[in-house]
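In: here are the coordinates; sequence isn't available:
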């Protein structure tokens, strides 16, 4: 956690999450989620998606890193909530795609900070209502 005083409005250092098709394959193996929308363009397009999409839980977990990097100890995270609002399409190339994550403290009560997290793919919000509660004291 920052050496500075934590107060409502404190902004956490921004984070860029990078996704490639290789990341999706690795996550599928680790999670056991082999839904073809995460590896087959044909399956994704059959459901109206432009291409393969990243696993929602992968995006959720990676986005929380903005908080765990800041707080320094993941055990200080007492709660985390997100809604999946838009998928993260991952192109079949070497460049991949980036999601930009920002966060700020929105409330402080009894040593517990509530942190609002924004995750954007370009101008598109991919997580909605994302919040973490972190023990500060």
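Out: It's in. Because the structure is predicted, anything quoted here is derived from the model rather than measured.

In: which helices and strands sit right next to the host helix or strand of residue 60?
Out: Residue 60 is part of helix 56-71 when elements are defined by DSSP states H and E. In terms of contacts (3 or more Cβ pairs under 8 Å, 6 or more residues apart in numbering; DSSP states H and E), helix 56-71 is packed against strand 15-19, helix 21-31, strand 77-84, strand 97-109, strand 112-121, strand 127-135. Yep, even glycine has a C-beta here, placed from its N, CA and C like the rest.

In: how does it look with 6 Å?
Out: On a contact count with 3 or more Cβ pairs under 6 Å, 6 or more residues apart in numbering; DSSP states H and E, helix 56-71 meets strand 77-84, strand 97-109, strand 112-121, strand 127-135.

In: dump those into JSON lines; add mean pLDDT and distance to residue 10 as well.
Out: As requested, the helices and strands packed on helix 56-71 are exported to JSON lines (pLDDT from 0 to 100; distance: least, Cβ to Cβ, whole Å):
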{"stretch": "strand 77-84", "mean pLDDT": "97", "distance to residue 10": "16"}
{"stretch": "strand 97-109", "mean pLDDT": "98", "distance to residue 10": "4"}
{"stretch": "strand 112-121", "mean pLDDT": "98", "distance to residue 10": "8"}
{"stretch": "strand 127-135", "mean pLDDT": "97", "distance to residue 10": "11"}
